[in-house]
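Colleague: Sharing a model prediction with you, sequence too.
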Amino acid sequence: MIVVAKREIATVSSNWKKLQAQLKTEKGPEAQSNGVKRKRDEQKQKSVDAAGKTKIGHSRSAKPFKKRKMGASDSKSEVNSLPLHNRSALVREHGIAPEDVSAAYGSISGTVKRHDDEINGGLHPTHKAGKYVALDCEMVGTGPPPHTDNVLARASLVNFHGEQIYDSYVLPPSREVKVEDYRTHVSGIRQNHMKPGFARPFAEVQADVAKLLDGRILVGHALKNDLQVLLLNHPKRDLRDTSRHPKFRVESMGKPPALRNLAKSELGMSIQTGEHSSIEDARAAVLLYKKEKTGFEEENRRQFGLSHRRNEKKAVKQQVTNDAADEGEGVAEEDDEDEDADLALLAEEEDDGAEGLGGAQAAGQPGGKKKKKKKKRTKRK
């Protein structure tokens, strides 16, 4: 046990009291001022933290982001945040496929104009037709006033993705046909468009279009008129006409709607505001079909059933079999004669064997009848 003198304890306690009093007098005012400063610093720090957490593209006064559940996404806001011209720039400047841009940001069909359209380019060197093609034609007037008879002036086709696969101005089908009304304000056709050396002959365009339509599903608007001026037919089960689709006729009260009205109401697009373009109209038709593809195909199945293509394949296969049989007809006849002779010979052998076997069985049976031996008769003397 350590014993401390009372004098030392008193000295220490008095010095400690003096030190505490001195510290209190020195820190009193500072403590009060520090309390005010600390409050201002806390407010400043909060504002800095809030500014530091603000994300790029939003003002500091914007409301904080709401928390969302795991797995939720703001895809709708992201789609709407990218303007249509920016989506088109992704295709034009960066070479991204249009269908990929549509999958990421929605449809880029705010306009049907494309930078890569080749007017009067004929058959496109790289774009492929595929299973679906969309057709649209521009026509001019002929015949007596008011020149209501239609003559083909331009034919255009695009594929399922809206890529141009064919476009050509067309000469009149014969020299006797004289164009009386070019209908430029609607058709966009001018006299120089239908001059030899620039427009292609009608027979050439007709053959090109027929080849592109062969075996494919044809999409368009009022296709009856287009096929009529081309002097072509196409199977009805392979037509997808946007003017005849029941859902598209609701707003027009059952009547065939105008293509520009459908494009406006269904796609939010403005077309045919001035001179028409057959490429743009064909592209609008294929966009309408893509939007209601399921409905189109269900309607087609109700009308034509499911097995028409299967029956066609069977018919082709049967025709091939028949052709092969016709080619080998002479050889088959010779083979048939030899086969008949062999069968006749085998039949004779089987009959002989059967008779021998039948006699042996009859003789061996216990209940079988035995032949009686004839007794020799002797003459009486």
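Modeller: Looks like it came in fine. Residues are numbered from 1 along each chain as shown.
Colleague: where's residue 119, which helix or strand?
Modeller: Applying DSSP states H and E as the criterion places residue 119 outside every helix and strand.
Colleague: Name all residues that make contact with it.
Modeller: With contacts defined as C-beta atoms under 8 Å, 6 or more residues apart in numbering, residue 119 is in contact with 167, 279. Glycine gets a C-beta too; all of them are placed from N, C-alpha and C.
Colleague: just the one 3 residues further on next, same as before
Modeller: Residues near residue 122 by C-beta under 8 Å, 6+ apart: 166, 167, 168, 200, 208.
Colleague: Let's see which of the residues you listed end up in strands.
Modeller: The members of those that map onto strands under DSSP state E are 166, 167, 168.
Colleague: tally of neighbours for the second one?
Modeller: I take that to be residue 167. Burial measure for residue 167: 22 neighbouring residues, criterion other C-beta atoms under 10 Å.
Colleague: Pretty sure it sits against residue 279.
Modeller: Yes - using C-beta atoms under 8 Å, residue 167 is in contact with residue 279, at 5.9 Å.
Colleague: Need the contact partners of stretch 285-300.
Modeller: 107, 109, 112, 132, 134, 136, 158-160, 162, 219-221, 237, 240, 242, 245-248, 259, 262-263, 266-267, 269.
Colleague: nearest to residue 195, of the ones in strands among the contacts of residue 122?
Modeller: Taking C-beta to C-beta as the measure, residue 195 sits nearest to residue 168 out of the ones in strands among the contacts of residue 122, at 13.4 Å.
Colleague: Please report how far that closest one lies from residue 146.
Modeller: As judged by C-beta to C-beta, to the nearest Å, residue 168 and residue 146 stand 27 Å apart.
Colleague: between those two, who's got more neighbours?
Modeller: Each of residue 168 and residue 146 has its neighbours counted (other C-beta under 10 Å); residue 168 has more, 23 against 9.
Colleague: list the contacts for the more buried one?
Modeller: For residue 168, the contacting residues are 120, 121, 122, 154, 155, 156, 199, 200, 205, 208, taking C-beta under 8 Å, 6+ apart as the criterion.
Colleague: number of nearby residues for residue 272?
Modeller: If you count neighbours by other C-beta under 10 Å, residue 272 ends up with 17.
Colleague: Quick check: phi and psi on it?
Modeller: The main-chain torsion angles of residue 272 are listed as degrees, to the nearest 10 and equal phi 60, psi 40.
Colleague: what's the spacing between it and residue 136?
Modeller: Applying C-beta to C-beta, one obtains 11 Å for the distance of residue 272 from residue 136.
Colleague: next one: residue 262
Modeller: The span separating residue 262 from residue 136 equals 13 Å under the rule C-beta to C-beta.
Colleague: re the thing from before, need the overlap of contacts for residue 272 and residue 136.
Modeller: Looking at what touches both residue 272 and residue 136 (by C-beta under 8 Å, 6+ apart), the common residues are residue 281.
Colleague: which neighbours do residue 167 and residue 279 share?
Modeller: 117, 119, 156.
Colleague: Please produce JSON lines containing those residues, extended by distance to residue 293.
Modeller: Formatted as JSON lines, the shared contacts of residue 167 and residue 279 follow (distance: C-beta to C-beta, whole Å):
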{"residue": "117", "distance to residue 293": "24"}
{"residue": "119", "distance to residue 293": "29"}
{"residue": "156", "distance to residue 293": "21"}
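Colleague: least confident pick among those residues?
Modeller: Comparing pLDDT over these, the lowest score belongs to residue 117 (91).
Colleague: Now do the contacts for it.
Modeller: The neighbours of residue 117, taking C-beta under 8 Å, 6+ apart as the test, are 164, 167, 279.
Colleague: at 10 Å what do you get?
Modeller: 124, 156, 158, 163, 164, 167, 277, 279, 280, 283 (C-beta atoms under 10 Å, 6 or more residues apart in numbering).
Colleague: ok, now how distant is it from residue 165?
Modeller: When C-beta to C-beta is applied, the distance between residue 117 and residue 165 equals 11 Å.
Colleague: okay, and the common contacts of those two?
Modeller: Common neighbours of residue 117 and residue 165 are listed as 124, 156, 158 (criterion: C-beta under 10 Å, 6+ apart).
Colleague: just checking, which of those belong to helices?
Modeller: Judged by DSSP state H, the shared contacts of residue 117 and residue 165 include no members of helices.
Colleague: Can you add distance to residue 300 and give the residues you listed back as a markdown table?
Modeller: Compiled in a markdown table, the shared contacts of residue 117 and residue 165 are given as follows (distance: C-beta to C-beta, whole Å):
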| residue | distance to residue 300 |
| --- | --- |
| 124 | 28 |
| 156 | 24 |
| 158 | 21 |
